[in-house]
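**Student:** I'll drop the sequence and a predicted model, then ask my questions.
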Amino acid sequence: MGKNEQGSASLEFIVATVALLVPLVALSVTTSDIASATFAATAASRQGVRAFTRSESVAQGSGHISAITQLAMEDHGLTGVDWNMDIDCSARSCRQRGSTVRVTVSIEVPLRFVPALPGITTAPTVTVSRSATARVSITSVTE
């Protein structure tokens, strides 16, 4: 074997590993963040609509949804992430017996490893939105 045929396989392995591993880790973390937001939005909408339909008033029900959403966000490690809720009712009053209530929870997931483009002031995000529907009990008191 001549002197010109000596390679540096360890150096090539390290360079190739870093070049492939760093994007793979970034993709895994981003996917995990989106999955956590999906689970949190699903839990918040399902439990929130149940609490809303069993509450005494619309204001109390909205407060329950906010508390449940905040708890779901913390449980899934999403502190400091923006979220929004929307309550849609099939009747004039959300507390009317037999009416249908739909709660939608939307979470803005920041993409940590996606760089912002020049001239754009907002960080890149993905919106995860989940909805749940429930009927107000026919035995509940209307407002």
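**Tutor:** Cool, the structure landed. Numbers count the residues shown, from 1 in each chain.
**Student:** residues touching the residue nearest the centre of the chain, list them.
**Tutor:** Nearest to the mean C-alpha position of the chain, by Cα atoms, centre = their mean, lies residue 37 at 2.3 Å. With contacts defined as Cβ atoms under 8 Å, 6 or more residues apart in numbering, residue 37 is in contact with 76, 78, 81, 107, 109, 126, 128. C-betas here are computed from N, CA, C, even on glycine.
**Student:** quick one, which of these are buried?
**Tutor:** 76, 78, 81, 107, 109, 128 (16 or more other Cβ atoms under 10 Å).
**Student:** can you list these in JSON lines and add secondary structure and distance to residue 21?
**Tutor:** Below are the buried ones among the contacts of residue 37 laid out as JSON lines (DSSP: H, G, I helix; E, B strand; the rest coil; distance: Cβ to Cβ, whole Å):
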{"residue": "76", "secondary structure": "coil", "distance to residue 21": "26"}
{"residue": "78", "secondary structure": "coil", "distance to residue 21": "26"}
{"residue": "81", "secondary structure": "coil", "distance to residue 21": "27"}
{"residue": "107", "secondary structure": "strand", "distance to residue 21": "29"}
{"residue": "109", "secondary structure": "strand", "distance to residue 21": "23"}
{"residue": "128", "secondary structure": "strand", "distance to residue 21": "27"}
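**Student:** can you list the residues you listed in TSV and add distance to residue 93?
**Tutor:** Formatted as TSV, those follow (distance: Cβ to Cβ, whole Å):
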residue	distance to residue 93
76	33
78	33
81	32
107	28
109	34
128	30
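**Student:** just the residues you listed now: which is nearest residue 12?
**Tutor:** Residue 12 has its nearest neighbour among these in residue 109, at 36.5 Å by Cβ to Cβ.
**Student:** measure the closest one to residue 25 for me?
**Tutor:** 17 Å (Cβ to Cβ, to the nearest Å).
**Student:** cool, residue 12 as well?
**Tutor:** 20 Å.
**Student:** repeat for residue 129
**Tutor:** Applying Cβ to Cβ, the value for residue 129 to residue 25 is 27 Å.
**Student:** compare these two (neighbour count), which wins?
**Tutor:** Using other Cβ atoms under 10 Å as the criterion, residue 129 and residue 25 rank with residue 129 on top: 15 against 11.
**Student:** I'm done for today, thanks for sticking with me.
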